[in-house]
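Enquirer: Compute the structure for the input listed below.
(chains A and B, ligands or ions: 2)
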Amino acid sequence: MTHTLRQSGTLLGFAAILVFLTVQLPGTFLTTQNLINITQQLSMLAVVAATMTIVMVMNDFDLSVGSMASLSGIVAAVLFSMGFPVWFGLLAALGVGLIGGLFNGFLVSVLGILPFVATLGTLTVFSGTAFLISDGKTIFGRDIPAGFSGFARAGIDINNVKVPFLTLAALAVIAVCWFVLEQTNFGRRLYAIGGNREAAYLAGIRVKRLRLVAFALTGLGAAGAGLMYAARVASANPTQGSGLMLDAIAAVFLGMTMSRYGEPRVMYTLIGVLMLGVLDNGLTQLRVDSYIREILVGLIVISAVATASFSKQTRRV
Amino acid sequence: MNHLEFRNICKSYGSAKALDGVDLSLRGGQVHALMGENGAGKSTLIKVLAGVVHADALTAKVDGIEITLTSAQAAQRVGFRFIHQELNIVPQVSVAENMLLGRTFPRRFGLAVDWRKVNARAQDALAFLGADHINVGAPAGDLNTGDRMLMKIAAAFVFDPVTDERAVLYVLDEPTAALTSAESELLFDVIGRLAATGAAVLYVSHRIDEVLRICDSVTVLRDGQLVSSGPTSETNKAQIIRDMTGRDVADAYPTAAAAPRPNLIVGMAGVSAGPLSDITFELRAGEVIGIAGLANAGQSILLETFMGLNPITSGHAQLQGGALPRSPEHAWKRGVAYLPKERRSEGLMLNMSIRSNIALPHLTGVQASVRRERQMAETLGRQMRLKCEHLDQPVAQLSGGNQQKVLFARALHGLPDLVLLDEPTRGVDVGAKYDIYCTVREASSKGCAVLMTSSDLPELLGMCDRILVLQDGRQAHMLDCDGLSSSDLLSYFYAPKAA
Ligand SMILES: Nc1ncnc2c1ncn2[C@@H]1O[C@H](COP(=O)(O)OP(=O)(O)OP(=O)(O)O)[C@@H](O)[C@H]1O
Ligand SMILES: [Mg+2]
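Expert: Ligands and ions are numbered 1, 2, ... in the order given. Predicted coordinates:
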C-alpha cells in the first residue's frame, strides 16, 4: 500500500508540473511543435541516462559520462577538421567512448577501486584530454561537415509532423537499453550483481567481466550523446557535455523512486528524463532565471527521493 | 517471580496472516520454547515483542501491569533482551562495538567514549557465556560463523547500568542453528543461569531434542495460530511434530536408495590447499560424504576448494578426470552446485524475486525467459514445500527456513554432478528437513555426488555414506557410517590420526 503511494508520488509530481505549465503557457506549451522540441532537446540526456542506468543497476555509477561526451565530440570534430570522412570521425569517437568505458570498468572491477573515486579520476582525465587535443578551442564553422550537422536538423515526416533524427536516435538507444536490461539474461545478471555481489559471484556469475562490459556500454552511450550534441550545435568544445552527468544521475534517481523495490529501470529513467526536460523547457519559456531553474531541479530531485525513502522506512520497520 | 502475559497477538502482511490471535504466557525462572514450521510466525512474534514490528492487536502485561511495545527502546526499557535469528553484524568495527551497538556507550566526562569500559563490558559478557577466547578488539568481520553467533548472543548480556537490573525476559531466535554441539552446550549452560536469575526465557528452535531437554514448557504455532501450549513433561517428540505440521512426519532419515556407482566424480590424493592438508578421498556418483570436525576445522573451506575459491598448493586433485574448477562460474558450468553457509550475505539477493534467485546460475542463452524461470521455480518450490504467496515475491519476505529452501532449489536444479552443501538444513523445520533429505537422496540416487557439512551429528550420520573428519584443516579420519553413533563420531573429532 505504502509502496504504491511511494511509486506514484513522483508521477503525481510530474502530472502537477504538466498541468501547471499547460495553464501558465496556454497555446505554447502543449503544442505538437513544442513537445517535439522537448524530445529533441533532451535526446542527449536520454541517451546518457539510459546507459547510466546499466551501471546503476549494479549499484555502481559513472561520473565521467559528461566529460566523455565532450571528448567524443572533440575527437570527431578534430578528425573532421583534418579532412577525415564523417563515418571515420563517428567511429573513432564511439571507439574512444568504448575504450574510456572499458578503462572505467577495468579500474572498478579489476583493480577494485570504488566507482566514485575511479570515475571521478577519469572525469578529469577525459576532460583534460579533450582540452589537450582541441587546444582548448571551440571547433566550428567550416570544420564541421554539413553531412554531420545536417543530421541533427533533419527528421522523418510522420503525419505531417517532422520527427527529428535525434529523437529517433534516442528512442533507439532507450529501446536497446530496455531490451538488454529487461529481456536478456545479461540484464538479469546485472540486477543480481546489484542485489548482492558476493552471492552473485558464488552463484557463478562472472561479476568482473559483466561490470567491465556494463561500464563500456555506459562509455559508449556517453560518446554517442556527445556526437549528438556536437551535431546539434554544429560545433564542439571541450566542456559542452559537462552538464549531462548530474542530470543523468538525477533522472535515474527519479526513476528509482517509481520502481517497486527502488531498483533502477530504464522506462522509469525515461520518465525522470522527461520530467527534467519538460521542466527545463517550461521554465525557459516562462523566462525563469537559469539559476532558479537549477535550484528548482535540485529541490525536486531531493523531494522525490526523500518521499520515496521516507515511505520505504516506514514500510521497513 | 515475573509473570508475562501476551494476549491476542495479531499481525497481517497484506492479506497473509502471520499471527492470528496468539496468546503467550511466560513465567520468570522458566525456559519456554516456541516452535512451529518455517513461516509459522515465530520470528514475527518475536519482532512484535521487540517492538520492531507493530502488531495489529496486542495486549501485553508484566506482573499484571499493562505495557506498550511500540519501539525497540520501549521493549529495552521494560527489560526485554533479544537475540534475533538473522546475524546482522557490522564487520568493520570491533567485536566490543558490535556488542554495545544501540546502547549508550560509557563515556568520560559525558563526552568521549570510554573505550576501556566498552571493551571491559564486552569482555565480561563474553566471559559470562564462557566464550572469552573471542578478542573484543578484533573486527567482527574476522570472526567465523560460530563466534559471530556467540558474539551476538553475548551482546544480550552486556551489563547496562541503566536498564539491566530489570531484565525480565530473554528471547533467543534459533541461536543454535549456527552453533556446533560444544558451542550449544555453552549456551544451554548460560540459559540455565539466566532462568536462575528469575528472568523468563523464550527459546525458538527447530531441534526438538534440544527443546525437550532444556525447556520447561512449549508453545506450538501453525500458520500463525496457537496450536498447543503446555509443560514439556506432558508432551513428546511425536506429539510436538504433529502439532507443528498437522501430519505425521517420519523423524528419521530416508534410506539410501542404491549403492554408489563406479564412476569417480572427485579424486583427492594428498591435497593441501590453504589451511587444508592431507586431504585424500574418492567420491563416486551417488555417494554422500559428510565433512565433520570441531568448529572451524576447515569444513567450509574444503567445500570452497571445489568452487575454485581455495586453490590447491600440492597433491593431486581431480573432478571428473579434469583439474578442479578455477572459479565459481567455472564450477557451476562443470556441474558443481553450491549452497553457501551464510544465506543472507553469500546466498540470496534479498530484494529480488524467488524466481530470479532460483534461476540465477541456470540462465542460458541470450534472451531471458520468464516462463522457463517460473517453471523451474514452481517444480522445485513444490518439491521443497516452499511457503510463499507467489514466486515473484521478494525473498526478503520469506521466513528464514523458507529462504534456505530457495537456496536448495537453486542448488538442485538440473541435477548437478556434484553438490556442495554447507550446513544445508540450518533453520529448517522438521517436516521440511525430511523433504530436503528426500530430495538429496533422490538426487544422489540419480547419480549426483554430495559433499555436505553439518553441525548436527545425527543428520550427518543419517544422510552420509562416509564421514571425513577434519582436525585443524588436516584430514584425520575417514569413517564408514554403518553402525557409528553420534558419540563415537564426536570422539573421532579428538582422536589423533592413526599412523
Ligand atoms: N515483510 C514481510 N512481508 C510479507 N510477508 C512477511 C514479511 N515478513 C514475514 N512474512 C511472512 O510471515 C510469515 C511468518 O514468518 P516468520 O518469519 O515469522 O516465520 P518463522 O516461524 O520465524 O519461520 P522460520 O522457522 O523459517 O524462521 C511467513 O509466511 C512470511 O512469509
Ligand atoms: Mg524465523
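Enquirer: Of all residues in the stretch 51-200 of chain B, which one is closest to chain A?
Expert: Chain A sits closest to B:Val52 of the stretch 51-200 of chain B, with a gap of 5.8 Å, by C-beta to the nearest C-beta. Bear in mind the C-beta positions are built from the backbone N, C-alpha and C, glycine included.
Enquirer: Please disregard the earlier target; I meant chain B.
Expert: B:Met349 (2.8 Å).
Enquirer: quick one, phi/psi of the residue nearest to A:Tyr261 when sequence neighbours are not counted?
Expert: With sequence-adjacent residues excluded and distances taken as C-beta to C-beta, 6 or more residues apart in numbering or on different chains, A:Tyr261 is closest to B:Asn351, at 4.6 Å. Backbone torsions for B:Asn351, taken as degrees, to the nearest 10, come to phi -90, psi 0.
Enquirer: Check the residue of the stretch 101-250 of chain A found nearest ligand 1 and give its pLDDT.
Expert: Proximity to ligand 1, evaluated over the stretch 101-250 of chain A using C-beta to the nearest ligand atom, is greatest for A:Gly195 at 16.8 Å. Listed pLDDT for A:Gly195 reads 93.
Enquirer: Just give the number of residues close to the closest residue to it other than its chain neighbours.
Expert: Using C-beta to C-beta, 6+ apart and skipping the chain neighbours, the partner closest in space to A:Gly195 is B:Met349 (2.8 Å). Counted by other C-beta atoms under 10 Å in any protein chain shown, the residues lying close to B:Met349 total 22.
Enquirer: Flag the shaky bits of chain A, pLDDT-wise.
Expert: A:1-6, A:308, A:310-317 (pLDDT under 70).
Enquirer: can you list the domains in it?
Expert: A:1-30+A:243-317, A:44-242 (automatic domain parsing).
Enquirer: closest to ligand 2 out of those domains?
Expert: Of all the domains of chain A, the one in closest proximity to ligand 2, counting by C-beta to the ion, is domain A:1-30+A:243-317 (17.0 Å).
Enquirer: wait, does the closest one contact ligand 1?
Expert: No: using C-beta under 6 Å from any ligand atom, domain A:1-30+A:243-317 never reaches ligand 1; the gap is at least 8.4 Å.
Enquirer: one step back: wait, the residue nearest to A:Gly195 touches B:Ser356, no?
Expert: Yes: contact criterion C-beta atoms under 8 Å: B:Met349 and B:Ser356 qualify, at 7.0 Å.
Enquirer: Return the helix or strand in chain B with minimum mean pLDDT.
Expert: strand B:107-108 (a mean of 73; mean pLDDT, DSSP states H and E).
Enquirer: Now stretch A:33-40: buried residues?
Expert: By neighbour count on 16 or more other C-beta atoms under 10 Å in any protein chain shown, the buried set for stretch A:33-40 is A:Asn34, A:Ile36, A:Ile38, A:Thr39, A:Gln40.
Enquirer: Just the CA atoms of it, as CSV, please.
Expert: This file holds the C-alpha atoms of stretch A:33-40, laid out as CSV (Å, rounded to 0.1, in the frame of the first residue of the first chain):
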residue,chain,number,x,y,z
GLN,A,33,5.9,21.5,-32.1
ASN,A,34,6.9,22.3,-28.6
LEU,A,35,6.6,18.7,-27.5
ILE,A,36,8.7,17.6,-30.4
ASN,A,37,11.3,20.3,-29.5
ILE,A,38,11.4,19.0,-26.0
THR,A,39,12.1,15.5,-27.2
GLN,A,40,14.9,16.8,-29.3
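Enquirer: isn't A:Gly277 right up against A:Leu42?
Expert: Yes: contact criterion C-beta under 8 Å: A:Gly277 and A:Leu42 qualify, at 3.4 Å.
Enquirer: Please report how far the spatially most distant residue from the centre of chain B lies from B:Ile83.
Expert: Residue farthest from the centre of chain B, counting by C-alpha atoms, centre = their mean, is B:Phe109 at 42.4 Å. Noted for B:Phe109: a distance of 33 Å to B:Ile83, by C-beta to C-beta, to the nearest Å.
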